[in-house]
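**Q** quick one: sequence and predicted model below, then my questions.
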Amino acid sequence: MSDLWKLGDDIADTAAPDGPVETRWERRQFSAKLVNPANRRKLTVIVVGTGLAGGSAAATLAEAGYRVRSYCYQDSPRRAHSIAAQGGINAAKNYRNDGDSVYRLFYDTVKGGDFRARESNVYRLAQVSVNIIDQCVAQGVPFAREYGGLLDNRSFGGTQVSRTFYARGQTGQQLLLGAYQAMERQIAAGAIEMHARHEMLELIVVDGRARGIVVRDLVTGEITCDFADAVVLASGGYGNVFFLSTNAKGCNVTASWRAHRKGALFANPCYTQIHPTCIPESGTHQSKLTLMSESLRNDGRVWVPQRADDKRAPGDIPEDERDYYLERIYPSFGNLVPRDIASRAAKNVCDEGRGVGPGGLGVYLDFADAIARLGRPAVAAKYGNLFEMYQRITGEDPYEVPMRIYPAVHYTMGGLWVDYDLQSTVPGLFVIGEANFSDHGANRLGASALMQGLADGYFVLPNTISNYLASGPFEPLSADHEAVVAARTAVEDRLSRLLAVDGDRTVDSFHRELGHIMWEYCGMERTEEGLTKAIGLIRGLRDEFWSRVKVPGTGEQLNQNLEKAGRVADFFELAELMCIDALHRRESAGGHFRAESQADDGEALRHDDEFGYVAAWEHGETPTLHKENLEFEYVHPSTRSYK
Amino acid sequence: MNLSVRVWRQSGPDDKGRMVTYDVKDISPDASFLEMLDVLNEKLILDGDDPVAFDHDCREGICGMCGMMINGVAHGPERATTTCQLHMRHFADGDVIDVEPWRASAFPVIKDLVVDRSAFDRIIQAGGYITAPTGTAPDAHATPVPKADADAAFEAATCIGCGACVAACPNGSSMLFTAAKVAHLGLLPQGQPERDGRVLDMIDAQDEAGFGGCTNMGECTTVCPKGIPLNLIGRLNTDYRKAARTPH
Amino acid sequence: MALKLLMAVSGLLLVLFLFAHMAGNLKIFLGATSFDHYAHWLRQLGAPLLPDTWYLWIQRTVLTVAVLAHIAAATVLARRARAARPVRYVHRPKVQGSYAARTMRWGGVIILLFVIYHILDLTTGTLNPNSDPQHPYANVVADFAPARWYVTLFYTLSIVAVGFHLRHGLFSAARTLGQQTARGERIARGAALALALVLVVGYLSVPFAVLTGLVS
């Protein structure tokens, strides 16, 4: 405890059944109340976001007969950022007969999450993973196949089995188009009312229940209130708090944050995943970072010069003056250590002044050995499209010059707290996909994000939401209801305030500066001192934002800077909570590395006795911490080692 | 690099619109085209001018949100590249660059370079899907799909729906977009039951949306950032002919 | 889509006619008797089943319908294309497609004007200097006499226009009728070019033969 936060009561996941983990989901489905098909059309559900989670949920709820209204800020539901996922999707199909099973996927995911996820949820995720593949194939998702016509698999993210299904390097795109097409079918049937280019700016809570949202039409600027019997947030992660990340430019925390301010607890905000193989920044113009598939580390060797400030071209640095640091520090895993380890090692060598490229923020990923060993055609066959992408962005030919890579923010494991039913602490508010916190613990394994998004949307939420909706329809609302007027007025006031400042700094300049602070102090390595400093800096910058930001134009038109300003304003508040969460968690776990908590060899050190809980934060002048204690009945916590 | 950018400015759907010239200074050759516009916008905001509105999101060439005519070519001079992946090193210091929105009556301009592409969604709504309600699916291995078909379906399915094909087509036709979806679903066994109805309804939808007819010019495939091949249009035509002959 | 099929089918019918017509033209190299005999034979084609010139009129009707359908469909499609892009690009470089593909519409108009002239010239004889229905050979020779170089020039330009029109038209028709493989596309494009060239050479051989005195 400190003056930055307070300790509240513990919370428990009351929806989760106990007993044998294998049958918990079945028993929950049986105990959940159902809604008669004839009554479903009297019930309305709002779904915010149209990525893998939101798209699949909207389609499935509409198929079930509910009235669905769907919102996204993009111009089409097909553009949600799930589309950019490259690698694949895990499923415990055991098509390879290599010893995979639901239990093994469950085990790997709990362990990979560094023992900070809920066993019940993860087991269910592994169970429904097999149905996802069936569903997607039936929709026409063109997964990679073998010559026999059956689905191909590959291994991914350091697991020992081949359970990853993929569609070239565009798995996310193909899965999203499947969900999008299912949605469009329901839109044509009149079961989904789609509102593209609309942004949710507030949650409407009436008598303690989530009953609707306030949205802004991004084209006309019109503010409207939409009412429903339940609200589903599928609005993605908050990696853009760092300004530079692999997220799309529009990705934001606003929907989640507004819900948090209305009473939904925000869990584990400090768990962020930094991906080691991204293309480094090339200058101050940089607006986003591009991920290169992790598979490159299968053949590329990572190195930096041995001495600091070595400005020679890579080809001029002789072999004995290079430091293949991953191979040196982790002889048994070498270049294939997990994401968090590889990222932090890169940061360390750059901190020593040995980084390469502009600003010294990069390390080499060298294919010279692979080309010598396998020949250029074989390397091209495996990585040709990635090399092409690299060359398009950097203008350098990776066949001739080693690639430069650097870690970048990629995924956020934290999110709104939900119970086993995926319901937040505000009744009627459900949160799915990356927006919730539930399944990945402190670190997400590769190819698991797509699995979780679709599991939530296709199979989990449509089954659990009925338990809540069975007590509806709720009393009809009108625009002049006190709570509705208050929500709407809050939105309008906020927009007016943003426009009224009329200062001398652009929204982007603030966002960039906030990102620098977060990356520096709440990035790959965190310290008490740094986090404390960051909180002060963030507060100062936030005050400056509200007195100096310049938002051109008006609220009654397409105004992209006004959109950004609202998002950045929420990022300031989130950033502070992230730092507080990181500060309070005096252990290292998964994507959260506290310099004070490391083993003698510099590896992450968890403190299960003290921190074996989910940190769920309640909004307030001073945030209140509610702990959900995690129990491990099946997978017992152990130390991850890759040496 | 220092450049002159002539940008189409149109305050709203009812405004007539015009080209306006701006000077952009000190642009890094490593910046992307959109980052160059970011720099321009930062300056415009601080000067008290209205920044240029343009659509963009993932900035890694996959969401399909960005797109503009750059010197009259959809997505600019580099082949198989979206605007967000086009870098300024492909231009020379002192260049004058013309930037215009996609122009098609089915893609009305909302503001500056932002257009409304919802007509594409309506084409998909008409039949660009396989009816497979959640929970009804058989095991994924129940129906093997020949690898060649699966690969060809994937190629067609890589379309990002950016609209460059329409923007480049002298007829303002959406044929390549529709053909890609018809081919993707028609190549798979799961897509067979709805194959006839799909192609007829999707063609109706694209005609209704006000897209022009295809005259097999091939402009679309030239600018397509994903290289969707022109011959898919032939496939679409065959499907259409067969479907039109079959009584429904 | 139906319009495009109509374009393809009517266009192919007209191409078939062009080849038959060319074969007849080339008979001019076999001498006046042979050529005139061929022309007379045409009028009696189908006899005795059909009365004199009936076949010719049937063919003329079919061709006229095909031409009208081709033009009507092209007009509707062109208007639709114009409606699909009401505001033009300020900066629009030449499209990447072939010259042939770009000139389909104006090329079509030139060809139409030529066909009208050609009928008035060598079918009805209205504009022919010789105008002797019994001796078409003499009509042709008179037509392309060196003094009337402008007729030959117009004829040449029109035939070249036909060549371009077919080069894209034949490929496009194949596409519309469902050609869809990459190999098929190469073949279709090659065949379209070859057929267009054969027609251009075949048709131009006659006036140039007259011009150079090879046929007189």
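**A** Received the coordinates, thanks. Just so it is clear, the model here is predicted, and its values are computed rather than measured. Numbering: from 1, shown residues only, chains lettered A, B, ... in the order given.
**Q** show me the strands in chain C, by range?
**A** In chain order, chain C shows no strands, with DSSP state E as the criterion.
**Q** burial measure for C:Leu30, as a count.
**A** Counted with other CB atoms under 10 Å in any protein chain shown, the burial measure for C:Leu30 works out to 11 neighbours. No exception for glycine: its C-beta is placed from N, CA and C like everyone else's.
**Q** any idea how far it lies from B:Ala243?
**A** Distance, C:Leu30 to B:Ala243, by CB to CB, to the nearest Å: 50 Å.
**Q** also A:Leu296?
**A** The value you get for A:Leu296 to B:Ala243, if CB to CB is used, is 45 Å.
**Q** the two: who's more crowded?
**A** Neighbour comparison, A:Leu296 and B:Ala243: the larger count goes to A:Leu296, with 23 against 17 (by other CB under 10 Å).
**Q** residue contacts, that one?
**A** Going by CB atoms under 8 Å, 6 or more residues apart in numbering or on different chains, A:Leu296 touches A:277, A:365, A:383, A:386, A:403.
**Q** kindly export stretch A:427-446 (C-alpha atoms) in PDB.
**A** Included here for stretch A:427-446 are C-alpha records, laid out as PDB according to Å, rounded to 0.1, in the frame of the first residue of the first chain:
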ATOM      1  CA  PRO A 427     -24.000  -6.600 -14.500                       C
ATOM      2  CA  GLY A 428     -24.900  -6.900 -18.100                       C
ATOM      3  CA  LEU A 429     -21.500  -5.700 -19.300                       C
ATOM      4  CA  PHE A 430     -19.600  -8.600 -20.900                       C
ATOM      5  CA  VAL A 431     -16.000  -8.300 -22.200                       C
ATOM      6  CA  ILE A 432     -14.400 -10.600 -24.700                       C
ATOM      7  CA  GLY A 433     -11.200 -11.000 -26.600                       C
ATOM      8  CA  GLU A 434      -8.100  -9.000 -25.900                       C
ATOM      9  CA  ALA A 435     -10.300  -6.400 -24.100                       C
ATOM     10  CA  ASN A 436     -10.700  -8.800 -21.100                       C
ATOM     11  CA  PHE A 437      -7.900 -10.200 -19.000                       C
ATOM     12  CA  SER A 438      -8.900 -13.700 -18.600                       C
ATOM     13  CA  ASP A 439      -6.900 -16.400 -20.200                       C
ATOM     14  CA  HIS A 440      -3.300 -15.500 -20.800                       C
ATOM     15  CA  GLY A 441      -2.000 -14.700 -17.400                       C
ATOM     16  CA  ALA A 442       1.100 -12.600 -17.400                       C
ATOM     17  CA  ASN A 443       2.300 -13.700 -20.800                       C
ATOM     18  CA  ARG A 444       0.500 -14.900 -24.000                       C
ATOM     19  CA  LEU A 445       1.900 -17.800 -26.000                       C
ATOM     20  CA  GLY A 446       2.100 -17.400 -29.800                       C
END
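**Q** buried residues, that stretch. List them.
**A** Neighbour-count burial for stretch A:427-446, with 16 or more other CB atoms under 10 Å in any protein chain shown as criterion, is recorded at A:427-446.
**Q** again, but for stretch B:72-82
**A** Judged by neighbour count using 16+ other CB under 10 Å, the buried positions of stretch B:72-82 are B:72-76, B:78, B:81-82.
**Q** of those, just say which sits nearest to chain C.
**A** Nearest to chain C among the buried residues of stretch B:72-82, counting by CB to the nearest CB, is B:Gly72 at 4.2 Å.
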